[in-house]
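S.K.: Predicted model and sequence below, questions to follow.
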Amino acid sequence: MLTALISFGVLVVSLFVASSFLEGMQIKGGLTAYAVVALVFGVLNFFLGETFFRLIGFGTLGLGFIFSFISRLLATAIVLRLASTFAEKKLYVKDWRTAFLAALLMSFTTGVCEMILR
């Protein structure tokens, strides 16, 4: 249970960093809005993230599995755009470029937070 709460907190921090650095990504509201967006993103990523990753891998005839880091970033960008559709009053992602850059920042932030917490 504690691990899940820490992971959720890291997700909130990564969303905060991405929305702070990217003009095309906004989360409207305070800490509650970040928590809601993190919850929506987390649930969508849990149910759809791996599916998108596999579809990208098979759709690129296996190259997506070889370059899995880029495939995971693309899958995260897709899930982020979906999350902006479901949480449209709280999360705004301007375009696919912004979603990809946000996924990159979120991945970097998550990696740094995990290194700090270990």
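M.R.: In hand now; what should we look at?
S.K.: and the longest helix along the chain, what other elements does it pack with?
M.R.: Assignment by DSSP state H gives helix 96-117 as the longest helix of the chain. For helix 96-117, the elements it packs on are helix 2-21, strand 25-27, helix 68-86, judged by 3 or more Cβ pairs under 8 Å, 6 or more residues apart in numbering; DSSP states H and E. To be clear about C-beta, it is placed using only N, CA and C from the backbone, and glycine gets the same treatment.
S.K.: Which elements pack onto the second one?
M.R.: Using 3+ Cβ pairs under 8 Å, 6+ apart as the contact criterion, the neighbours of strand 25-27 among helices and strands are helix 2-21, helix 31-44, strand 91-93, helix 96-117.
S.K.: so what's A35 up against?
M.R.: By Cβ atoms under 8 Å, 6 or more residues apart in numbering, the contact set of A35 is V12.
S.K.: check contacts around the residue of the chain positioned farthest from its centre.
M.R.: Using Cα atoms, centre = their mean, the residue of the chain lying farthest from its centre is L61. It sits 24.7 Å away. By Cβ under 8 Å, 6+ apart, the contact list for L61 is empty.
S.K.: Pull the residues that contact the longest helix of the chain.
M.R.: Residues contacting helix 96-117 (Cβ under 8 Å, 6+ apart): 6, 10-11, 13-15, 17-19, 21-22, 24-25, 72-74, 76-78, 80-81, 84, 93.
S.K.: Quick check: buried residues in that helix?
M.R.: 98-107, 109-110, 113 (16 or more other Cβ atoms under 10 Å).
S.K.: Distance from the chain centre to that helix, please.
M.R.: Helix 96-117 sits 8 Å away from the centroid of its parent chain (Cα atoms, centre = their mean, to the nearest Å).
S.K.: Give me the angle between it and helix 31-44.
M.R.: 100 degrees (axes from the mean of the first three to the mean of the last three Cα atoms, to 10 degrees).
S.K.: Brilliant, that's me finished.
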